[in-house]
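[1] The amino acid sequence is not available; the structure is as follows:
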Ligand code: UDP
Ligand code: MG
């Protein structure tokens, strides 16, 4: 039995106390049904302020296949997921959300696909009706903008839910950056990839941790981590404006020679100054986005800190 591959379900938990009972009740039987596989559930408690940790530890006492990694504070989902991937011991790794938005029975289908010989199996949502219209629209726009400017394309409607092998996991772990935009990193490593379609459900309990502002910053993180186009665009913008100004100057000179000096144009002057000032500030802002990230990376701080690990000791069914 020990020769069966081990599947690590890696799950970040942040203030999910209402979810935990349902979570294990649904996920464990579903994993147990997958033939010829052993499994572990690596739960990372991302500095929850409710009783999430107690519930997780209790679960790991009941079932030896549940492991709990307690981080020292809330590091954010990407960091928690990074921690979970680092701690996973499986031959197959499946990142999973605690809120059961991704139906657990899809895991079996991912494994089936993996048996056909793929290194990565993506779970793609076929409809996002569970999300609000605004979220659907912003998500769509993000994928479009990101994929237009970034060298590494991220597949649309694919979240972190996927299956990948130990080889891919080691490749991910070897990436040194501390800004972990996981969707991008997953895409960056490549490997033989297949896709499985599924329908995403609404959150089973609790509420989302991602407000509009957080998602906006997340999108910026994604684009700045994987593209330098926003930096380079200023050269061309500056060049175009300078050329335009030259043409304008030439035209003004010619006009003065022919018609003489007319009434000075304060309005056009003010507009030009304001417009250029605005453009320059945007440019500086974009520089700031990148410099901020260089600054963060240069400190070389770890992505997360572990306070304690709880290994399930109970023999499992
Ligand atoms: N999460 C986390 N740390 C955070 C925020 C979220 O570990 O700072 C976890 C959360 O517990 C859940 C997953 O990340 O398991 C996805 O969060 P959520 O469902 O709120 O995101 P959404 O599905 O709305 O994008
Ligand atoms: Mg969710």
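    Sure thing, it's come through. Given the structure is predicted, the values throughout are model-derived calculations rather than measurements. Ligands and ions are numbered 1, 2, ... in the order given.
[2] all helices for the stretch 101-250 of the chain, in order.
    Applying DSSP state H, counting those that start in this stretch to the stretch 101-250 of the chain gives helices spanning 105-115, 133-149, 166-173, 182-189, 212-226, 229-259.
[3] What helices and strands are in contact with the fifth one?
    This points to helix 212-226. helix 133-149, helix 182-189, helix 266-299 (3 or more CB pairs under 8 Å, 6 or more residues apart in numbering; DSSP states H and E). Heads up, the C-betas are built off the backbone N, CA and C, glycines and all.
[4] for those helices, which one ends up most surrounded?
    helix 182-189 (a mean of 20; mean count of other CB atoms under 10 Å).
[5] picking up where we left off before, any chance of the helices and strands packed on helix 212-226 in JSON lines with mean pLDDT and distance to ligand 1 as columns?
    Below are these laid out as JSON lines (pLDDT from 0 to 100; distance: least, CB to the nearest ligand atom, whole Å):
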{"stretch": "helix 133-149", "mean pLDDT": "81", "distance to ligand 1": "8"}
{"stretch": "helix 182-189", "mean pLDDT": "81", "distance to ligand 1": "11"}
{"stretch": "helix 266-299", "mean pLDDT": "82", "distance to ligand 1": "17"}
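[6] Between the ones you listed, which one is closest to residue 56.
    Of all those, it is helix 182-189 that lies closest to residue 56, at 21.4 Å by CB to CB.
[7] and residue 297, what does it touch?
    For residue 297, the contact set (CB atoms under 8 Å, 6 or more residues apart in numbering) comprises 177, 178, 179.
[8] and the residue of the stretch 51-200 of the chain found nearest ligand 1, what does it touch?
    Scanning the stretch 51-200 of the chain for proximity to ligand 1 using CB to the nearest ligand atom identifies residue 98 as nearest, at 3.4 Å. Applying CB under 8 Å, 6+ apart, one finds that residue 98 lies in contact with 11, 12, 13, 14, 16, 19, 20, 23.
[9] among the residues you listed, which are in reach of ligand 1?
    Taking CB under 6 Å from any ligand atom as the test, ligand 1 is in contact with 12, 13, 14, 16 out of the contacts of residue 98.
[10] Against residue 7, how distant is the second one?
    Pointing back at residue 13 there. Per CB to CB, to the nearest Å, residue 13 is found 19 Å from residue 7.
[11] And those two? Which one has more around it.
    Higher neighbour count among residue 13 and residue 7: residue 13, with 27 against 23, using other CB atoms under 10 Å.
[12] is it true that the more buried one touches residue 47?
    No. Applying CB atoms under 8 Å, one finds residue 13 not in contact with residue 47, separated by 9.8 Å.
[13] now the helices of the stretch 101-250 of the chain in TSV, with distance to residue 275?
    Shown next, in TSV, are those (distance: least, CB to CB, whole Å):
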stretch	distance to residue 275
helix 105-115	51
helix 133-149	23
helix 166-173	44
helix 182-189	34
helix 212-226	24
helix 229-259	9
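[14] So which of those is nearest residue 85?
    Nearest to residue 85, of all those, is helix 166-173, at 6.2 Å by CB to CB.
[15] Now list the buried members of the contacts of residue 297.
    For these, a burial check counting by 16 or more other CB atoms under 10 Å picks out 178, 179.
[16] Among the contacts of residue 297, find me the one that's closest to residue 64.
    Set against residue 64, the nearest of these by CB to CB is residue 178 (33.0 Å).
[17] For the residue nearest to that closest one when sequence neighbours are not counted, give me its contacts.
    In this structure, residue 178 finds its nearest non-sequential neighbour in residue 303, 5.3 Å apart by CB to CB, 6 or more residues apart in numbering. Going by CB under 8 Å, 6+ apart, residue 303 touches 75, 79, 82, 83, 178, 180.
[18] again with residue 272
    If a contact means CB under 8 Å, 6+ apart, then residue 272 has no contacts.
[19] ditto for residue 226
    Contacts were defined as CB under 8 Å, 6+ apart; by that measure residue 226 touches 146, 150, 151, 152, 181, 184, 188.
[20] Show me which residues of the stretch 51-200 of the chain are close to ligand 2?
    For the stretch 51-200 of the chain, the contact set with ligand 2 under CB under 5 Å from the ion comprises 97, 99, 101.
[21] I figured the first one hits residue 10, correct?
    Right, residue 97. No. Contact criterion CB under 8 Å: residue 97 and residue 10 do not qualify, at 10.5 Å.
[22] Among these two, which residue is more densely surrounded?
    Counting neighbours by other CB under 10 Å for residue 97 and for residue 10 shows that residue 10 has the greater number, 27 against 20.
[23] burial measure for residue 207, as a count.
    9.
[24] Quickly note the distance from the residue nearest to residue 178 to residue 44.
    Distance, residue 303 to residue 44, using CB to CB: 12 Å.
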